[in-house]
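Participant: Need the 3D shape of this:
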Amino acid sequence: ISSDLNLIITMLYGLANSYYVQQGELGGDKTSMLLDDAYNAHNLTIDRLFILDKDNILVNTVSVPSSEFFLGEDFSFRDWVKQTKSSLLPVFSHGDFERQLIFREFISYPIKNRDSGEYMGMLVTSIPTIPFFAHYGNVRDINSKFLVVYDNTGTMLANGASETLVGQNFFEHYAQKFINNNKALNSLTRNLLDGKSGVAVYVYRNGEVLTTQYPAYVNNRPLFFIQVVTPTS
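Facilitator: Numbering: from 1, shown residues only. Below is the predicted model of the structure:
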């Protein structure tokens, strides 16, 4: 997981420093060709790749069919846009349900002029979380060994126990009711979000399970937090 996400960051870095983007041709045809090439190389991971100008307006895009984003759309209200402009660093969103009701993680990367340091806009890609994490394990069947994936706020990005948990915060009412306020799991998950690996055996809904956990690092920071839940039977 860390390796694949770091490849996406490397791809965004390459695009941000490419010739036509550095020349300010954010909406140009040759920049569109660069986006197409990058998207085709990574479309098993990402489902959209687009550019916002310095005023947060969508000026170039490539995506799977029937994207809900359109040229000229204003993204100024998005928290991850504000964070990227203020920090001038790559930002991972905390996940969001878009109009197609697909939960996605957005990754934004600032475009800065290499000579002047001037902010020019940002590259943005999105990852549908359930299909992405399904590459690494079961995220749909509670009766087999399954994955649970959190972001650093405790929001669940994939959960093999139930897709209804995706987008829910683990510590809030819906998820706590689902797990029956399981003390062992609550303790384990708090430790995980603190960056600690761990293991525990406890009773969970259908029977006893063994859970192991470890954070996934991106750019040397723990950004995603993984549990593997295995029925002891």
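Participant: The closest residue to residue 28 other than its chain neighbours: neighbour count?
Facilitator: Excluding its sequence neighbours, the residue lying closest to residue 28 (Cβ to Cβ, 6 or more residues apart in numbering) is residue 20, at 6.0 Å. Heads up, the C-betas are built off the backbone N, CA and C, glycines and all. With neighbours defined by other Cβ atoms under 10 Å, the count for residue 20 comes to 16.
Participant: do you know how far residue 20 is from residue 31?
Facilitator: For residue 20, the distance to residue 31 (Cβ to Cβ, to the nearest Å) stands at 5 Å.
Participant: same check, this time on residue 195
Facilitator: For residue 195, the distance to residue 31 - Cβ to Cβ - is 38 Å.
Participant: of these two, who's got more company?
Facilitator: Using other Cβ under 10 Å, the more surrounded residue of residue 195 and residue 31 is residue 31, with 21 against 13.
Participant: If you count contacts, what does the strand or helix carrying that one end up packed against?
Facilitator: Element membership for residue 31 (DSSP states H and E) is helix 29-42. Applying 3 or more Cβ pairs under 8 Å, 6 or more residues apart in numbering; DSSP states H and E, we find helix 29-42 packed against helix 2-16, helix 19-22, strand 48-53, strand 58-63.
Participant: Of all the ones you listed, which one is nearest residue 186?
Facilitator: Across the helices and strands packed on helix 29-42, residue 186 has its closest neighbour in helix 2-16 (25.6 Å, Cβ to Cβ).
Participant: So for that closest one, what gets flagged as buried?
Facilitator: Across helix 2-16, burial judged by 16 or more other Cβ atoms under 10 Å covers 2, 4, 5, 8, 9, 11, 12, 15, 16.
Participant: List just the nearest of those residues to residue 169.
Facilitator: Nearest to residue 169 out of those is residue 5 (Cβ to Cβ; 21.6 Å).
Participant: give the contact list for that closest one.
Facilitator: When contacts are counted by Cβ atoms under 8 Å, 6 or more residues apart in numbering, residue 5 touches 107, 216, 218, 223, 224.
Participant: Cross these against helices and list the overlap.
Facilitator: Within those, no residue falls in helices by DSSP state H.
Participant: which one of those has the most neighbours?
Facilitator: The residue in the contacts of residue 5 with the most neighbours, by other Cβ under 10 Å, is residue 107 (24 neighbours).
Participant: what about that one, distance to residue 83?
Facilitator: Separation of residue 107 from residue 83 (Cβ to Cβ) stands at 12 Å.
Participant: again, but for residue 56
Facilitator: Separation of residue 56 from residue 83 (Cβ to Cβ): 12 Å.
Participant: how about the strands in this protein?
Facilitator: Using DSSP state E, the strands of the chain run over residues 48-53, 58-63, 91-92, 96-97, 103-112, 119-128, 146-151, 156-159, 198-204, 207-218, 221-231.
Participant: and residue 225, what are its bridge partners?
Facilitator: Assessed by DSSP bridges, residue 225 has beta-bridge partners residue 150, residue 215.
Participant: picking that back up, average pLDDT for the helix holding residue 31?
Facilitator: Across helix 29-42, the average pLDDT comes to 93.
Participant: and if you look at stretch 86-95?
Facilitator: The pLDDT scores in stretch 86-95 average 88.
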